[in-house]
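>>> Sequence and computational prediction follow.
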Amino acid sequence: MNQADNLQKLVNSSKKAKTKFIAITSGKGGVGKSTISSNMAYLLSTFGYKVAIFDADIGLANLDIMFNVSVEKNILHLLKNEAILEDILIEINKNLYLIPGDSGEEMFKYTNNQILENVFKYPTILDDMDYMIIDTGAGIGQFTKHFLEIADEVIVLTIPDPSAITDAYATIKVCSRFKERVHFAINMTRNKDEGKFIFSKVKHIADENLRKGFSLEYLGNISNSNIIKKSVQERVIFSKEYSGSLATRDLINILKDFIFKVESRKVDFDIDRSFKGFLTRLVERF
């Protein structure tokens, strides 16, 4: 039985819940965050989950490029009441939808509850999402921090570069103030041992310096590969076009571990877990 079959078995056996909001972030740019976010969303969708991916990288929204699709309207048009949700959603495949972001901070000028009431008068196709992947900006800017605070789970991605690891730890440190745990993954590694070594160093520092009760959890590594670089240039999803590659197998392993962890945890159903509820919680911070 291969990795894909194992993940399919896991999906079939797990109890579906209302939307879980997963933020993927990094300490600095250039670590492949949007590439990994888009591929994680794609893989989740192909294994039976209904997934939306929200381009929340304010100032550098680029998931349309990753998926090689054209965007006519985005989240800003929604918040300005110039479009309904269905106008901006882009269906990538049967179970995957892209919510295009805006490459500027203007969207936050239009965030108020009255607008949201008008936008979400009727049920939407996002109401029964299993997962929403939030591709945040790099670093801990004001807007990125808000997304991290309201997400159910946070994944911090880094690469073996020392400055990237330092910035990743800074992100983890900030998250530890309002999260019980943060997940950690390392992109562009030479091998699994390098990933485990880097994580052991970061975890040691975190255990020594961050608040008691906070947990840093390792998801795994994605091997450095020309396949990933080629897929970015070709504007294709590497886990789709190169499904047998080592990078794809690595990402499936990460997803398998992540799903086990997330599905075993209780979800707070006292809050509105729809996309409207998510945006409302975001709006309330401005």
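Here it is on my side, so go on. Numbers count the residues shown, from 1 in each chain.
>>> Please make it C-alpha for all contacts and neighbour counts, starting now.
Fine.
>>> Burial check on residue 226, number of neighbours?
Residues lying near residue 226 (other C-alpha atoms under 10 Å) number 11.
>>> show me what contacts residue 237?
35, 38-39, 42, 66-67, 231 (C-alpha atoms under 8 Å, 6 or more residues apart in numbering).
>>> Around residue 39, how many other residues sit close by?
Using other C-alpha under 10 Å, residue 39 has 22 neighbouring residues.
>>> Phi, psi for it please.
As for residue 39, its main-chain torsions (degrees, to the nearest 10) stand at phi -70, psi -40.
>>> That one against residue 236, yeah?
No. Between residue 39 and residue 236 there is no contact under C-alpha atoms under 8 Å: 9.6 Å.
>>> so what sits against both of those two?
With the criterion set as C-alpha under 8 Å, 6+ apart, the contacts of residue 39 and residue 236 do not overlap.
>>> mind listing the helices in the stretch 151-286 of the chain by residue range?
Secondary structure of the stretch 151-286 of the chain (DSSP state H, counting those that start in this stretch): helices at 162-175, 192-209, 226-234, 238-241, 246-263, 275-283.
>>> What are the buried residues along the last one?
When neighbours are counted by 16 or more other C-alpha atoms under 10 Å, the buried residues of helix 275-283 are found to be 275-276, 278-283.
>>> And for the first one?
Burial within helix 162-175, assessed by neighbour count using 16+ other C-alpha under 10 Å, is assigned to 164-165, 167-173, 175.
>>> before we move on, what about the third one?
Using 16+ other C-alpha under 10 Å as the test for burial, helix 226-234 gives 227-228, 231-232.
>>> The residues you listed into TSV, with extra columns for distance to residue 250 and pLDDT?
Below are the buried residues of helix 226-234 laid out as TSV (distance: C-alpha to C-alpha, whole Å; pLDDT from 0 to 100):
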residue	distance to residue 250	pLDDT
227	13	93
228	12	94
231	16	95
232	18	91
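>>> What residues of stretch 84-100 count as buried?
84-85, 88-90, 95-100.
>>> which residues of the stretch 1-150 of the chain fall in strands?
20-26, 51-56, 90-93, 96-99, 131-136 (DSSP state E, counting those that start in this stretch).
>>> What helices and strands are in contact with the longest one?
If I follow you right, that is strand 20-26. helix 33-46, strand 131-136, strand 153-158, helix 162-175 (3 or more C-alpha pairs under 8 Å, 6 or more residues apart in numbering; DSSP states H and E).
>>> Tell me the strands beside the second one, with direction?
Under the criterion DSSP bridges, strand 131-136 sits next to strand 20-26 (parallel), strand 51-56 (parallel) in its sheet.
>>> What angle do strand 153-158 and that strand make with each other?
40 degrees (axes from the mean of the first three to the mean of the last three C-alpha atoms, to 10 degrees).
>>> and strand 131-136, how far from the chain's centre?
4 Å (C-alpha atoms, centre = their mean, to the nearest Å).
>>> Now that strand - C-alpha only, PDB.
Provided in PDB are the C-alpha atoms of strand 131-136 (Å, rounded to 0.1, in the frame of the first residue of the first chain):
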ATOM      1  CA  TYR A 131     -10.500  22.800   5.600                       C
ATOM      2  CA  MET A 132      -9.600  26.400   4.800                       C
ATOM      3  CA  ILE A 133      -5.900  26.900   4.100                       C
ATOM      4  CA  ILE A 134      -4.800  30.500   4.800                       C
ATOM      5  CA  ASP A 135      -1.700  31.500   3.000                       C
ATOM      6  CA  THR A 136      -0.500  34.400   5.100                       C
END
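>>> Hmm, residue 157 and residue 164 touching each other?
No. Applying C-alpha under 8 Å as the test, residue 164 and residue 157 come out as separate, 9.3 Å apart.
>>> shared neighbours of these two, which are they?
27, 31.
>>> on that earlier part again, would a markdown table of the strands of the stretch 1-150 of the chain with mean pLDDT and distance to residue 194 be doable?
Below are these laid out as a markdown table (pLDDT from 0 to 100; distance: least, C-alpha to C-alpha, whole Å):
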| stretch | mean pLDDT | distance to residue 194 |
| --- | --- | --- |
| strand 20-26 | 97 | 19 |
| strand 51-56 | 95 | 30 |
| strand 90-93 | 96 | 34 |
| strand 96-99 | 96 | 33 |
| strand 131-136 | 96 | 25 |
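>>> To residue 262, which of the ones you listed lies closest?
Nearest to residue 262, of all the strands of the stretch 1-150 of the chain, is strand 20-26, at 8.7 Å by C-alpha to C-alpha.
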